Every structure is written in C-alpha cells, then in structure tokens.
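Chemist: here are the coordinates; sequence isn't available:
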C-alpha cells in the first residue's frame, strides 16, 4: 500500500526474535537457485534463510532474486559473503539482504571493516544507492531510510579459528557487530579436532563466546551442528539464540535417503 510506514516496511525477523530473547531459526541455501525456497522457508516456519556464497557457485544475481522473494514472504534474508571486501558486502545488501555473514573474522579490525562496509554514513562507508528492495523500491526520505536500514541490518561475524576465538572479546566489543556466529566445522578443523563436535574445546569455545557476547550485549549463533541436535539444545540452553538448522541440500539428501530406504524395504519383504 502507498501509505505504508517506513517502520512497517523495513523488518528484520531475526533481530526481533533476538530482542525478545527468543531463538531465531535459519535455513542455509546452497543448492536451490529459484525463488520458491523463500516460500518454502516461510511454510516450514523459519525466521530466516542465508544464502551461502562462500560455499556455492550461485551468482550474485541469483542470490538477490532469492533475497527479494524472501522479503516479500516475510523471511529475513542473510548472505554469507565469500570475502570481507566492501564490494561484496555492499552489493549483497543492495541486492536485498537484511544481513551479511562475514566468514573467518580473526580480529576487531576485520570486524570493524565489515561493519563499515555494511553501514551508511556516519556509521560506515556504504555507498548510497537508490531503488533498494528492502524499501520495496520506494523513495522514502533518504536520511530516515538510511538510519533505519543501519539499525536493522544485521552483521554476523563468524568465529571459525583460534585467532578469532582468542580475540572474541574484542570482536564482541565492536559497535555494529550483532551476532558472533560460530562455524563449528571450520573451528574444529583449525583446532586440530576435525569432526569431534563433542570435544571439550568446542564446549569451551561456545562458553567463552557466549560469555563475551553477554558482556557486550551481543548474540551468539550456532553453525555446523545441524546433525547434532543434542549439542544444539545444549548450546541454546547455554545462551546461543541464532540457529542454523540445516541446508536445503542436507534436507533433500536426508528425505531422499529415507524414502529410498523405505521403498527398498517394501521390495525386500516377501509377498503376502
């Protein structure tokens, strides 16, 4: 509608959930390149989806189309960028993302650079463009629209190695970082405990990150543990609130494998 307020147009379901102390659930998109995935996420009850441009060959154009569809479906779209370069950060946001996931953040300096690329002046250096999907391509007053986009654009800094973990306190202190998102697979690999998700070092990493986040008013995300529901529950109970619950690829594989096993079971049974 033409009379919709800016406040009602620019929404971030993840930020709203976290502000209420609730868990925000996200689906990773690595396989599906069509816009239907946004409605599927909505129908299945997700708050968010994030498009993983670090680990899939999807184009920026395809990612943007999914972001626009997600905005229309009431699903908050995030994009994990393949690098911290400002041209990646600003372009995925211009394409419709409401949040940027920065992989392998190792220092406060790197975190500040991502924030600067994601935020408009005076809080950052994001270039001012027009026709943004988050505004439904309308020409709202620029000062107010940029202020609201700055407030509601989520920046997630991924902690995926010993360097980031050692500096998690200073990363958490960076103004503009909203979520410290632990990439458990990479963290285990870099700690020399690949695949050992139950290792004490993993629990220590989550406890340390959650404590740092609390001290600085930030939130913690869980990545790479979709296949370990007991650990997910443990870290949510500890205080993590943004949960990457699985990817479109893993969901397809799990359902297809289960159905194949079911049908082969029919065939193995004697008739009658």
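Modeler: That came through, no problem. Model, not experiment: these values are computed from the prediction.

Chemist: quick one, helices of the stretch 101-250 of the chain?
Modeler: Taking DSSP state H, counting those that start in this stretch, the helices of the stretch 101-250 of the chain run over residues 108-118, 142-152, 162-166, 168-172, 184-190, 200-215, 229-238, 248-268.

Chemist: could you dump these into CSV with distance to residue 71 added?
Modeler: Using the backbone N, CA and C atoms, a C-beta is placed for each residue, glycine as well. Conversion of the helices of the stretch 101-250 of the chain to CSV gives the following (distance: least, Cβ to Cβ, whole Å):
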stretch, distance to residue 71
helix 108-118, 17
helix 142-152, 12
helix 162-166, 30
helix 168-172, 29
helix 184-190, 29
helix 200-215, 27
helix 229-238, 27
helix 248-268, 19
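
Chemist: just for the chain, where's the confidence low?
Modeler: Applying pLDDT under 70 to the chain flags residues 1-3, 271-272.

Chemist: burial count for residue 170?
Modeler: Other residues within reach of residue 170, judged by other Cβ atoms under 10 Å, total 14.

Chemist: just give the closest residue to it, not the sequence neighbours.
Modeler: residue 108 (4.2 Å; Cβ to Cβ, 6 or more residues apart in numbering).

Chemist: that neighbour and residue 171 touch, don't they?
Modeler: Yes. Residue 108 lies in contact with residue 171 (Cβ atoms under 8 Å); the separation is 5.5 Å.

Chemist: higher neighbour count, these two?
Modeler: Shown here are residue 108 and residue 171; by other Cβ under 10 Å, residue 171 has more neighbours (27 against 18).

Chemist: can you tell me how far the closest residue to residue 157 other than its chain neighbours is from residue 239?
Modeler: In this structure, residue 157 finds its nearest non-sequential neighbour in residue 105, 4.1 Å apart by Cβ to Cβ, 6+ apart. Residue 105 sits at a distance of 20 Å from residue 239 (criterion: Cβ to Cβ, to the nearest Å).

Chemist: between these two, who's got more neighbours?
Modeler: residue 105 (30 against 15).

Chemist: touching, the more buried one and residue 163? I think so.
Modeler: No. At 9.1 Å, residue 105 and residue 163 do not qualify as touching, with contact defined as Cβ under 8 Å.
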